[in-house]
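Engineer: Next input, structure requested:
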Amino acid sequence: MSNKNILAIIIFLGILVFLGYLFYNVLIFILLSIIFASVGSPLMQLLQKIKIRNCACSTSLAAGITLLALVGLIMLCFYILIPLVMYEVEAVARIFREGNDPALYTQALGNWLHQADFFLREHGFLSNNEHIGDILLIQMKSFIGSISISSVIGNIISFAGALLILLFSVIFLTFFALKDKEIFFKMVRSAIPVSFRENYDRILEQSKVQVVRYFYGVFLDNIIFGIAIGVACYFANIPNALLIGFLAGIFNIIPYIGPFIAMGLGLAISITSLLPHNPSAEILSLLFWKLAIIFAILKAVDAFVLTPIIFGKSMKIHPIEIFIIILLAGYIGGITAMIFAVPAYSMLRIIIKEFFGSYYFDKESIEH
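Structural biologist: Predicted structure coming up:
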């Protein structure tokens, strides 16, 4: 390969990366639609095989039915989740509606904070004249003082608008992705110089397999992790084990920090369930340690057993590589970048192998 071709490839790839960074929202819409189309592809193929009076189901009709099935599945998940959340809200509201003495909960919270003070002082995190309750109160006052009603309303309106755009865009793009699975790849191919289209076809063939494997792996890993958390919480007599397991499976898609978020939400949900029973500080402490131990053990199993099995072998990427890539992506682009870091890195490896394989890989690895 001549130096001129190498320079052209590098410039072209640089332009693609820059455009992807500049319009990352649109790129996410397209990626989500491709993922949903891949999930609905088996149903799409099944519908197209069905014949009624020798009339086959049209592509548009099959795509519409598949899209409705995907939307229905997502709505079913929310239908299961929302009543559980509303039950927790109702449990908290019932406390005040039935006239329970708030002093009981204040006393229980005070005892728990006193134990936290003792633990933190014993391990050198607090001085003798510091209290965790005072620190939390100062931070809460600072946070409340920084809140502006106009900015909150503006953020709500902005979030609602962004959510509507997301839903409409993904549904619209998914419909056409179901009708023609190659539509987005054809659009990219038409923008590539003719001399590099054969390279693009080979890159696409390999990367599609890798990306599909990755997202199916993520889906399987989250299901296993969520079920394991839910079952463990059930046998540990933690309230709302089903809801905690569901949240754990959802937030586990965020690498490394997702389970901590799920644990915090699970702890809040469990405490609200116990409030009507006037829990003591010992019960709340036990609840915290139960959740901490369950999440720590199962996340360790997920990180050191499931992840290498599901991702390491299917994508041929070492767990250390995965960790470093996700860490770098988090610093560059936050949570969204962390979610898509591994498939993006896998595609980059394939591109480098295709164009610069003779420089970075031996002959045997290039052939495979």
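Engineer: Next up, the contacts around the residue positioned nearest the centre of the chain.
Structural biologist: In the chain, the residue lying closest to the centroid (CA atoms, centre = their mean) is I253, at 3.0 Å. Applying CB atoms under 8 Å, 6 or more residues apart in numbering to I253 gives the contacts V218, N222, I339. Heads up, the C-betas are built off the backbone N, CA and C, glycines and all.
Engineer: that's a strand at it, yeah?
Structural biologist: No: using DSSP: H, G, I helix; E, B strand; the rest coil, the secondary structure at I253 is coil, not a strand.
Engineer: Check it and give its pLDDT.
Structural biologist: Looking at I253, its pLDDT reads 82.
Engineer: how near is it to Y21?
Structural biologist: Distance from I253 to Y21, counting by CB to CB, to the nearest Å: 22 Å.
Engineer: neighbours around I352, how many?
Structural biologist: I352 has 14 neighbours, counted by other CB atoms under 10 Å.
Engineer: now the contacts of I253 as a markdown table including neighbour count?
Structural biologist: Shown next, in a markdown table, are the contacts of I253 (neighbours: other CB atoms under 10 Å):
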| residue | neighbour count |
| --- | --- |
| V218 | 19 |
| N222 | 18 |
| I339 | 21 |
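Engineer: Turn the residues you listed into TSV, including secondary structure and distance to V305.
Structural biologist: Formatted as TSV, those follow (DSSP: H, G, I helix; E, B strand; the rest coil; distance: CB to CB, whole Å):
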residue	secondary structure	distance to V305
V218	helix	16
N222	helix	15
I339	helix	21
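Engineer: Could you point out which of these is nearest to Q206?
Structural biologist: V218 (19.1 Å; CB to CB).
Engineer: got the contact list for the closest one?
Structural biologist: By CB under 8 Å, 6+ apart, the contact set of V218 is I253.
Engineer: In the helix or strand hosting E205, which residues are buried?
Structural biologist: Element membership for E205, per DSSP states H and E: helix 197-235. For helix 197-235, burial by neighbour count (16 or more other CB atoms under 10 Å) applies to 200, 203-204, 206-208, 210-215, 217-218, 221-222, 224-226, 228-230, 232-233.
Engineer: Distance check, F172 against Y256.
Structural biologist: 33 Å.
Engineer: what's the answer for S158, then?
Structural biologist: From S158 to Y256 the distance is 28 Å (CB to CB).
Engineer: Of the two, which one has the most company?
Structural biologist: Neighbour totals were compared for S158 and Y256, and Y256 leads with 14 against 11 (other CB under 10 Å).
Engineer: pLDDT at the more buried one, what is it?
Structural biologist: Predicted confidence (pLDDT) for Y256: 74.
Engineer: if I look at it, how far off is A303?
Structural biologist: 8 Å.
Engineer: Find the residues that touch each one of the two.
Structural biologist: Counting by CB under 8 Å, 6+ apart, no residue touches both Y256 and A303.
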